[in-house]
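Colleague: Attaching a predicted model along with its sequence, questions to come.
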Amino acid sequence: MSTTANPDPDPQQAPAFIPLEANPQLMTDLVHKLGVSQALQLHDVYSLTDPDMLAFIPRPALALLLVFPISAAYESHRMAEDTLTNEYEGKGENEPVVWWKQTIRNACGLMGLLHAVCNGPARNFIGACPPDSGIIYLNPTSFLTSAPTEKDSTLDKLLSKAIDMTPTQRSRLLEQTPELATAHRDAASVGDTAAPSAQDDVDLHYVCFAKGSDGALWELDGRRKGPIRRGNLEENEDVLSPKGLNLGALKFLEREGGDLRFSAVALAGALD
């Protein structure tokens, strides 16, 4: 079957994970366990349009994870875009973003987190600041360059192996990394709501918006044919800036109209 028509992993053959709840504390614990610095955490985004609510998020925001319903309108939009593009085969340090193709059922939350922490300045925080370091970063303008680094975390080793791989090889690597599966299972089992089965059909999906090394806003979704460059951002603009939101997350809200099943979390500096 064409991946444009149905890009989802085969339910009869693909491995499956328990769907991950859009819970900032749960997600923060997961990325820290995998090796992301204590200097970063996930934050609830209560509004994408209210400046006062957005002001609660430390800036710069390094990535935005949007949880949205896979509706008929969205699928029509996705297929129209994907029909016009080829399967992405990019790899190597010269690529502006690291993209992970999803081949594990119900792992879109994990894919979103991988896209968030592996791109832009966040990538420098993989393996940084061990949990017992006691370091707290309160200055949102300086934390990007202030964290010491420590190698050999799960994510550090994973990214080191993956960077020169094709998307297909990267997918196989994710499937064959037991530390990733174990950390994900532990996190997905302790949410505020009862965890569904790994085999359940879930109609909510995660997409990540991050700023690439080229300064552009990228839409990163393992269910698509590859990373999508949505437009240029200035040096002082992040994913939650007016332009970043208009190029990215707000497009989803415009398409879906009255559907309220949207939530969002942002990757940014830690507050405590």
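Modeller: Arrived safely, thanks for sending.
Colleague: which residues of the stretch 1-150 of the chain fall in helices?
Modeller: Here the stretch 1-150 of the chain has its helices, by DSSP state H, counting those that start in this stretch, at 24-34, 51-54, 72-82, 108-117.
Colleague: Any stretches of the chain with poor pLDDT?
Modeller: 1-4, 8, 10-12, 127-151, 191-203, 257-260 (pLDDT under 70).
Colleague: Try it again at 90.
Modeller: 1-22, 68-75, 105-106, 127-152, 184-185, 187-205, 251-262, 271-272 (pLDDT under 90).
Colleague: Dead centre of it: give me the residue that sits there.
Modeller: residue 112 (2.4 Å; C-alpha atoms, centre = their mean).
Colleague: doesn't residue 68 make contact with that one?
Modeller: No - between residue 112 and residue 68 there is no contact, the gap being 11.1 Å when judged by C-beta atoms under 8 Å. (Glycine included, C-beta is placed from N, CA and C.)
Colleague: what touches both of the two?
Modeller: By C-beta atoms under 8 Å, 6 or more residues apart in numbering, residue 112 and residue 68 have these common neighbours: residue 207.
Colleague: Tell me, how many residues neighbour residue 172?
Modeller: 14 (other C-beta atoms under 10 Å).
Colleague: if I've got this straight, it is in a strand?
Modeller: No - counting by DSSP: H, G, I helix; E, B strand; the rest coil, residue 172 is not part of a strand but helix.
Colleague: Spatially nearest residue to it, not counting backbone neighbours?
Modeller: residue 103 (7.9 Å; C-beta to C-beta, 6 or more residues apart in numbering).
Colleague: Tell me which residues touch that neighbour, please.
Modeller: Residue 103 neighbours (C-beta under 8 Å, 6+ apart): 9, 14, 15, 171, 172, 174, 175, 222.
Colleague: Could you check how far it is from residue 71?
Modeller: Using C-beta to C-beta, to the nearest Å, residue 103 is found at 23 Å from residue 71.
Colleague: Please apply the same query to residue 219.
Modeller: 17 Å.
Colleague: Compare those two (neighbour count), which wins?
Modeller: Between residue 219 and residue 71, residue 219 has the larger neighbour count (other C-beta under 10 Å), namely 22 against 16.
Colleague: Please name the bridge partners of that one.
Modeller: Beta-bridge pairing of residue 219 under DSSP bridges involves residue 209, residue 228.
Colleague: returning to that earlier point: so what's the residue count around the closest residue to the residue nearest to the centre of the chain other than its chain neighbours?
Modeller: Nearest non-adjacent residue to residue 112, counting by C-beta to C-beta, 6+ apart: residue 206, 3.6 Å away. A total of 27 residues lie near residue 206 under the criterion other C-beta under 10 Å.
Colleague: elements contacting the helix or strand hosting residue 206?
Modeller: Using DSSP states H and E, residue 206 sits in strand 204-211. Using 3 or more C-beta pairs under 8 Å, 6 or more residues apart in numbering; DSSP states H and E as the contact test, the elements touching strand 204-211 are strand 63-69, helix 108-117, strand 216-220.
Colleague: Show residues contacting that strand.
Modeller: Under C-beta under 8 Å, 6+ apart, the answer for strand 204-211 is 19-20, 22, 62-70, 97, 108-109, 111-113, 115-116, 119-120, 122, 217-221, 223, 230, 233, 238-239, 244, 248-249, 252, 261.
Colleague: which of the helices and strands packed on strand 204-211 is buried the deepest?
Modeller: Of these, the one with the most neighbours on average (mean count of other C-beta atoms under 10 Å) is helix 108-117, at a mean of 28.
Colleague: contacting residues around that one?
Modeller: Here helix 108-117 has contacts from 17, 19-22, 27, 30-31, 36, 40, 62-63, 65, 97-100, 102, 104, 122-123, 125-126, 155, 180, 184, 188, 205-208, 210, 220-223, 267, using C-beta under 8 Å, 6+ apart.
Colleague: one more time with 7 Å
Modeller: 17, 19-20, 27, 30-31, 36, 63, 65, 100, 102, 122, 126, 155, 184, 205-208, 210, 220, 222-223, 267 (C-beta atoms under 7 Å, 6 or more residues apart in numbering).
Colleague: again with stretch 262-272
Modeller: Contacts of stretch 262-272 (C-beta under 7 Å, 6+ apart): 22, 24, 27, 38-45, 48, 57-59, 61-68, 116-117, 122, 136-137, 140, 143, 240, 249, 253.
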